[in-house]
Each structure stands twice: as C-alpha cells, then as structure tokens.
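Q: what follows is a predicted protein model with its sequence.
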Amino acid sequence: MKFIYIDIDTLRADHLGCYGYHRNTSPHIDRLAARGLRFENVHASDTPCLPSRTALLTGRFGIHNGVVNHGGADADPVIGGADRAFWSQFHLHSFPAQLKRAGLKTVSVSSFAHRHSAFHWHAGFDETYNVGKFGLETADEVFAIASRWLEANGRNGDWFLHVHMWDPHTPYRAAPDYGEPFAETPLPGWLTEEKRARDWQGCGPHSAQECSGFAPNPKAAQAFPRQPQQIPDMAAVRAMFDGYDTGVLVADEYVGRIVALLGELGIEEEVAIMISSDHGETLGELNVYGDHQTVDQHTTRVPLVLVWPGLEGGKTLSAFHYQIDVTATLLELLGRKVPESWDGVSFAGSLRAGEDKGRDHLIVSQGAWTCQRGVRFDKWILISTMHDGYHLYDEAMLFNLEDDPHEERNLAEAQPEIAARGFHLLSAWHEDMMKDAARGRDPLANVVAEGGPYHVRGALPAYLERLRATGRAAMAERLSAKYPAG
C-alpha cells in the first residue's frame, strides 16, 4: 500500500466546497471527495495543534497521553516510568510505528515538531523533513520537498507520506500573486454588522478589537496585509474571510499538484489519499476572529476525505468519529491489530460492509487558550468551561447546531434537560478516563491550577488596562471580579 496524508493545518470543514461552502475554495479536494469517502462528523479529541497531533500520534486522548496544553507540565507527553522497556511505548505503539509494522516506509514533511518543540512527533518515522520556518512556510515550499521525495521514491515499494501545509493558519499570508480571488463573492451571511458590533464591545484574545492576540500588532499588519488586526467594520470581516479562504485555496492548489504528480508517476490508482487537519477555526463564532481557542463545533470538527483502494467511493458518512478512530480504522484496513493502549476504535468493519456506524457521542477538549470540555451528541454541543481564557464565557453553553450552526444562542438555561444529558455523558466519560489518567490527575484541572491555559498566562493585568482604555471598563471589572489573582 502507498498512502499519502495531506494534513492542511487549521482547515475548517464548512469552508470547502464538498462540505457545502458557496465559495470555490477547494476544487481539487472536491474532486477527491467525489470519488472517495467524505466524513461529516469527525472531531479532533484534543485541540489545538500540539494536543491534536499528539492524540493522532498516540491513538490516545490527552487525558491519557498527557498533552492538553501548549506549555507547562501538560505540554509534554507521559513517555514511560519504572516499567519502561528498552523500546518505549511511542516506539512500539505510535501510529507511524504501526504503519512500519504493516510494511510501509514512513516519511513526514512538516515543521510541526520544530514549531511546538514536539519531537515525540518523530516517533516511528523513517524520514522526517523540517521545512524550517516554524509553520510560516507556504505550500510551494512544502511541495518542493514532498515532490522531490515522490519523484525519487514514489514508485518503489509501500510507503506512508505525511505532507503538512499551513496556509489557512494565521497569519493569512497567501502571496500577492493570488490577488483577491473572492472579492466579488458574497460573505457568509451569518456574520452580520449587528453581530460584529456586539462583539466589538466584548473581550478576550482574538476578539473583535484585538484579533491578533491581546492587542493589535502593527508589525504583523505590515508583514501580513491579508491578516486584519481588528474588526471595526464589515470591510475587516471581508478581509478575514477572504484571507482565510485564499489560504485554503492555496493549499488546495498544491493538493491538485500532488495528485497530478501521482498521475505522472503512474501510481495514482494504487495510492490511498487522506485529506484532513489538526483542527478547524472560528471565524467570528464565540467572538474569536481567526483562531482556535474553544471546543466548539468549528474548532474541533475536522474535514476528512479518504480515497482508499478497495473501498467504494462517492459516499458521505455522517456517524460520529474521533480522528483517532480514523487512524485505528486505517490500521485495521492494513491488516494491523489496533494497540490495546489506544483510545481510538476501528470502524473498518462497517466501512467494508458499506454501513455508516460510529460513536453515540464525542467528548472533546481544549487546554491552550481556554480550559473546556465539550460533548457532541445528536444535534447538540454542550461546552463546559473551567477557564474562559478571559472571554467571559458562561460556565455551561449549549447550542442547537441544526438551528444555530454558528453558536449564537446559548440554550443551557432554556433546555435544562438537554444540558443535563450532556453533563451526564461528560461525567461518565471523565470517571472512566480518570482510572488511568496521565500523571494520576486530570490534566485540564492541572492547567487551571498552574495559572490557566498557556497562551493567556500573565496577560490579564495589561489586558485590563487595554480594556479600560478602549471603552470596555465594564468588561475589565467583570474579569477582575472573576480572576482576582490575575
């Protein structure tokens, strides 16, 4: 088997044509989806970047592998103890290590380990190529390395090639040559001026008045003109959507180039292709403009397109799956037994049978910008907040994703029975997971005890001053009351 995983960072599912987007951002991915399998409800168990890919690598939830944050004790995985053998659990049980045992040469083209000091990512890979720009590279630079590897090795034997492109990730930085491809295309209609104006009076990093962190960044504005620093009007809303969508378009172009190269090498029909991401993105939802700070639908849901020789394509599958269920399934399709240590559960049997079966519900987490757990069930998402990342979120938020896909109306008080069901599912999951929790405690609780999510630690005193200086003294007072220790 030859298998390529095109990993497009921060790729939001509903900004792809094959998921119903009205802008033509993804013609090449759409063509793959038309001949493959498109999954509607795949979620990263742990977000954002470092927790997500650590879960993908280990097949385990962050509460078990130890990584839920971008800094502090819970940004490093639990890698062994007194029972650690000559070969570590990463060596034996990581996803690429299992692919090696299935007979595939394993290769990664990614700067992820470099950007996040996450060198456990290399466990199980025969070859790794660091593009060297800490995630600020563009798809052409990634393609240059991946294409050379394919030209030299693509026809030979069985292999797994991970190709990681960052173009939709902030800062939006598509080359000037791309122009403004969406300038004449309508904006998504849900983000109205009324919504924008309401968010302008809110607070939190990457909110409408500071969508580059805790304050606008003039140097970044000059270096990355496609990336708005604030959202003072609907022109800035357009700049955000156009900047993000152009990044998606760039990545899609290079998906097309990779597929074309497979054709030139005469191997396209024998190569399995997977398109997915580490997480999605919020583009105004929950007053987060161009970032991934919550466990909401748009951050945790990832697109998943799979073209697999021997599986009938042209189908859309709607069952709930964790992304680590997908990797467990891939192992079983390759004839491997899923490691007992994994939390991911294979659904290969139902795929082979042409059935659409998955989980009853999903539990998802975020620990780098907020500390939250979410429950995705039926048409609902329940979000339980332990630390709100200075956004002043309610401790419980419940959204009906059929009627309110962009999460504007919190129904936790209006629908107490539904909220109670979500909390029951969360409590049962938590009780079960804590039996063998990493380091013997809940890592999200530890993040709160350490001083909060990594990206907001120490930021509150200066941010309170900014809020007062920008006409949001009421927000400052509420935050001071909620976080008196800063």
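A: In hand now; what should we look at? Numbering: from 1, shown residues only.

Q: pick out the residue closest to the middle of the protein.
A: residue 279 (0.8 Å; Cα atoms, centre = their mean).

Q: give me the neighbour count for the nearest residue to it once chain neighbours are set aside.
A: Nearest residue to residue 279, sequence neighbours excluded (Cβ to Cβ, 6 or more residues apart in numbering): residue 47, at 4.4 Å. C-betas here are computed from N, CA, C, even on glycine. Using other Cβ atoms under 10 Å, the number of residues around residue 47 comes to 31.

Q: about what we covered before: now the residue nearest to the centre of the chain. Its backbone dihedrals?
A: The phi/psi pair for residue 279 (degrees, to the nearest 10) reads phi -170, psi 170.

Q: surely it touches residue 303?
A: No. Proximity of residue 279 to residue 303 does not meet the contact threshold set by Cβ atoms under 8 Å, at 10.8 Å.

Q: next one: phi and psi at residue 376?
A: Dihedral angles for residue 376 - degrees, to the nearest 10 - are phi -100, psi 110.

Q: please begin residue numbering at 27 from this point
A: Right, with 27 as the first residue, what we last looked at is residue 402.

Q: show me what contacts it?
A: For residue 402, the contacting residues are 67, 69, 323, 326, 346, 387, 388, 390, by Cβ atoms under 8 Å, 6 or more residues apart in numbering.

Q: ok, now with 7 Å
A: Residue 402 makes contact with 69, 346, 387, 388, 390, according to Cβ atoms under 7 Å, 6 or more residues apart in numbering.

Q: give the rounded mean pLDDT of stretch 245-253.
A: When pLDDT is averaged along stretch 245-253, the result is 95.

Q: which elements pack onto the helix or strand bottoming out on mean pLDDT in the chain?
A: Within the chain, no helix or strand scores below helix 115-119, which has a mean of 91 by mean pLDDT, DSSP states H and E. Helices and strands touching helix 115-119, as assessed by 3 or more Cβ pairs under 7 Å, 6 or more residues apart in numbering; DSSP states H and E, are absent.

Q: so which helix or strand takes in the residue nearest to residue 462 when sequence neighbours are not counted?
A: Leaving aside its chain neighbours, residue 462 sits nearest to residue 90 (6.5 Å; criterion: Cβ to Cβ, 6+ apart). According to DSSP states H and E, residue 90 maps onto helix 88-91.

Q: ok, now how distant is residue 453 from residue 439?
A: Distance, residue 453 to residue 439, by Cβ to Cβ, to the nearest Å: 19 Å.

Q: with residue 501 instead?
A: Counting by Cβ to Cβ - residue 501 and residue 439 are separated by 22 Å.

Q: swap in residue 95?
A: Separation of residue 95 from residue 439 (Cβ to Cβ): 30 Å.

Q: where does the prediction get shaky in the stretch 227-376 of the chain?
A: Applying pLDDT under 70 to the stretch 227-376 of the chain flags no residue at all.

Q: sketch out the helices for the stretch 377-512 of the chain, chain order is fine.
A: Applying DSSP state H, counting those that start in this stretch to the stretch 377-512 of the chain gives helices spanning 442-459, 469-476, 486-495, 499-508.

Q: in CSV, list the ones you listed along with mean neighbour count.
A: Shown next, in CSV, are the helices of the stretch 377-512 of the chain (neighbours: other Cβ atoms under 10 Å):
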stretch, mean neighbour count
helix 442-459, 15
helix 469-476, 19
helix 486-495, 16
helix 499-508, 15
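
Q: CSV please, covering the ones you listed and showing distance to residue 47.
A: Shown next, in CSV, are the helices of the stretch 377-512 of the chain (distance: least, Cβ to Cβ, whole Å):
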stretch, distance to residue 47
helix 442-459, 28
helix 469-476, 32
helix 486-495, 34
helix 499-508, 33
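
Q: what's the closest of these to residue 414?
A: Among those, the nearest to residue 414 by Cβ to Cβ is helix 499-508 (7.9 Å).

Q: can you show me the CA trace of that closest one as PDB?
A: Output of helix 499-508 as PDB, limited to C-alpha atoms (Å, rounded to 0.1, in the frame of the first residue of the first chain):
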ATOM      1  CA  ALA A 499     -14.300  49.200  31.600                       C
ATOM      2  CA  ALA A 500     -17.300  47.100  32.400                       C
ATOM      3  CA  MET A 501     -15.600  44.100  30.800                       C
ATOM      4  CA  ALA A 502     -12.500  44.900  32.900                       C
ATOM      5  CA  GLU A 503     -14.500  44.900  36.100                       C
ATOM      6  CA  ARG A 504     -16.100  41.600  35.400                       C
ATOM      7  CA  LEU A 505     -12.800  40.000  34.600                       C
ATOM      8  CA  SER A 506     -11.200  41.500  37.700                       C
ATOM      9  CA  ALA A 507     -14.000  40.100  39.800                       C
ATOM     10  CA  LYS A 508     -13.800  36.600  38.200                       C
END
